[in-house]
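1. model this:
(one chain, ligands or ions: 1)
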Amino acid sequence: MNIYFPKTLNEFIIERQAEFPYARGELSRLLHHIGIAAKVVGKKVNKAGLVDILGHAGNMNVQGEDQMKLDVFADIQFRAALKASGECCGIASEENKDIVTFDTDLAMDAKYIVAIDPLDGSSNIDVNVSIGTIFSIYRRLSERGTRAVMDDFLQPGTEQVAAGYIIYGSSTVLVYTTGHGVNAFTLDPSIGEFCLSHPNIRTPDDGTIYSINEGNYTHFPMGVKKYIKYCQERDEATNRPYTSRYIGSLVADFHRNLLKGGIYIYPPTEKNPEGKLRLLYECNPIAFVAEQAGGKATDGFQRVLEIKPLSLHQRLPFYTGCKKMVDKVEEFLRAYSEA
Ligand code: P6P
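-> Numbers count the residues shown, from 1 in each chain. Down below sits the predicted model:
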């Protein structure tokens, strides 16, 4: 009988803790608690259609409980886990206009802050499409023992200590980086553990999948329009035409492109002239993972991770994936920039 002895997320985190000089386990504990919240949220997402947790907050479900939207549930769950870890002093979440700071002595003494999109793509839940949680971890700038402040959250993405996402799909997969490569862990429901399934992920240097909502084509910048046509032209030497794949869930589109090779683009549109995606808890964490796997992430002209955030929910155009594909779209953007 072959013994199945997987490397669990906890073993991996502790094993790799040695990569952090002077680390005393704080980051390990924080990542461990994110893993716990991911399991709880994953369970709810996978049963969303059954336990009547779809729909909008404020309604009563069949059990007479106050029904909440799944993303509200996810926000509460991750907030509770981060607070309970004792390693996080505050959170910036897509679900909350302002930062959430913890006021227990334990939490106020914590070293880290977290920016999070608790459930990205949640509009896809009722049609059973994969969705995800995206998180980004920074060292606080403010003094330990005090409440976190806004400046703790407005740091450039290069200051991230760790970042990653959980994709709730055909399986629940947690992908993260601490700046030493990218690793993915698949939840084994039979033992309730995240097990290392994709060690040291490297995204291909080039790819043949492009992900963009072409419904917004009319209002795309000319460089994006030209790039889409480039993807659609026949040229065997460069494996074109490419394949168009767009799920409408960033984590799902990004994860497929990360493994198979591709580019995800959310450019300025008429409805979102600044771009739709948020810098703090969507673009920065995804950009950190992309770069650590050998890919690239820009706003079309500059490296996402070097952008200094000016506000919590700031949006920007987002181009991420295989380095050569991002380079190519940037070439078109420069050639046709209206500036
Ligand atoms: P559109 C989901 O709302 C999201 O933030 C990303 O997950 C996804 O890639 C994008 O927006 C989809 O936006 O405008 O194409 O529906």
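2. quick one: mean pLDDT for the longest helix seen in the chain?
-> For the chain, the helix that runs over the most residues, judged by DSSP state H, is helix 26-46. Across helix 26-46, pLDDT averages out at 92.
3. so this protein: which segments form each domain?
-> Under the assignment automatic domain parsing, the domains of the chain span 9-198, 209-337.
4. and those, which one's lowest on average pLDDT?
-> Ranked by mean pLDDT, these bottom out at domain 9-198, with a mean of 88.
5. and the end-to-end length of that domain?
-> Across domain 9-198, the terminal residues are separated by 12 Å (CA to CA, to the nearest Å).
6. what about it, near the ligand?
-> Yes - using CB under 6 Å from any ligand atom, domain 9-198 reaches the ligand at 120-121, 123. Glycine gets a C-beta too; all of them are placed from N, C-alpha and C.
7. circling back to that earlier point, and the longest helix of the chain, what does it pack onto?
-> Counting contacts by 3 or more CB pairs under 8 Å, 6 or more residues apart in numbering; DSSP states H and E, helix 26-46 packs against helix 9-17, helix 70-85, strand 112-120, strand 131-139, strand 160-168, strand 172-177, strand 182-188, strand 193-198.
8. what residues sit buried inside the last one?
-> Within strand 193-198, the residues that qualify as buried are 193-197, counting by 16 or more other CB atoms under 10 Å.
9. packing partners of that strand?
-> By 3+ CB pairs under 8 Å, 6+ apart, strand 193-198 packs against helix 9-17, helix 26-46, strand 172-177, strand 182-188.
10. and the first one, how far from the chain's centre?
-> Here helix 9-17 shows a centroid-to-chain-centroid distance of 21 Å under the convention CA atoms, centre = their mean, to the nearest Å.
11. for that helix, packing partners?
-> Under the contact criterion of 3+ CB pairs under 8 Å, 6+ apart, helix 9-17 touches helix 26-46, strand 182-188, strand 193-198.
12. and whichever residue of the stretch 51-200 of the chain sits closest to the ligand, what does it touch?
-> Distances between the stretch 51-200 of the chain and the ligand by CB to the nearest ligand atom are smallest at Gly121, namely 3.9 Å. Counting by CB atoms under 8 Å, 6 or more residues apart in numbering, Gly121 makes contact with 129-132, 247-252.
13. in ChimeraX, select just the buried ones from the residues you listed.
-> With 16+ other CB under 10 Å as the criterion, this ChimeraX line picks the buried residues out of the contacts of Gly121:
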select :130,131,132,247,249,250,251,252
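14. pick out whichever of the contacts of Gly121 sits closest to Asp151.
-> The closest of those to Asp151 turns out to be Leu250 (CB to CB; 26.9 Å).
15. gap between the two ends of stretch 200-220?
-> End to end - CA to CA - stretch 200-220 spans 35 Å.
16. list the buried residues for that stretch?
-> 201, 203-204, 206-212, 216, 220.
17. kindly report the residues of the stretch 201-339 of the chain close to the ligand.
-> Checking the stretch 201-339 of the chain against the ligand by CB under 6 Å from any ligand atom, the hits are 213, 248-250, 253, 276.
18. could you dump the residues you listed to TSV with secondary structure?
-> Output for those, formatted as TSV (DSSP: H, G, I helix; E, B strand; the rest coil):
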residue	secondary structure
Asn213	coil
Gly248	coil
Ser249	coil
Leu250	helix
Asp253	helix
Lys276	coil
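19. for those, give me JSON lines that also has distance to Tyr176.
-> Listed next are these as JSON lines, based on distance: CB to CB, whole Å:
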{"residue": "Asn213", "distance to Tyr176": "27"}
{"residue": "Gly248", "distance to Tyr176": "23"}
{"residue": "Ser249", "distance to Tyr176": "18"}
{"residue": "Leu250", "distance to Tyr176": "16"}
{"residue": "Asp253", "distance to Tyr176": "18"}
{"residue": "Lys276", "distance to Tyr176": "24"}
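20. if we can go back for a sec, now distance to Met150 too, for the buried residues of stretch 200-220, in JSON lines please.
-> What follows is the buried residues of stretch 200-220, written out as JSON lines (distance: CB to CB, whole Å):
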{"residue": "Ile201", "distance to Met150": "33"}
{"residue": "Thr203", "distance to Met150": "34"}
{"residue": "Pro204", "distance to Met150": "39"}
{"residue": "Asp206", "distance to Met150": "40"}
{"residue": "Gly207", "distance to Met150": "38"}
{"residue": "Thr208", "distance to Met150": "42"}
{"residue": "Ile209", "distance to Met150": "38"}
{"residue": "Tyr210", "distance to Met150": "37"}
{"residue": "Ser211", "distance to Met150": "33"}
{"residue": "Ile212", "distance to Met150": "33"}
{"residue": "Asn216", "distance to Met150": "32"}
{"residue": "Phe220", "distance to Met150": "33"}
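21. possible to save those residues as TSV with secondary structure?
-> TSV is the format used below for these (three-state DSSP):
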residue	secondary structure
Ile201	coil
Thr203	coil
Pro204	coil
Asp206	coil
Gly207	coil
Thr208	coil
Ile209	strand
Tyr210	strand
Ser211	strand
Ile212	coil
Asn216	helix
Phe220	coil
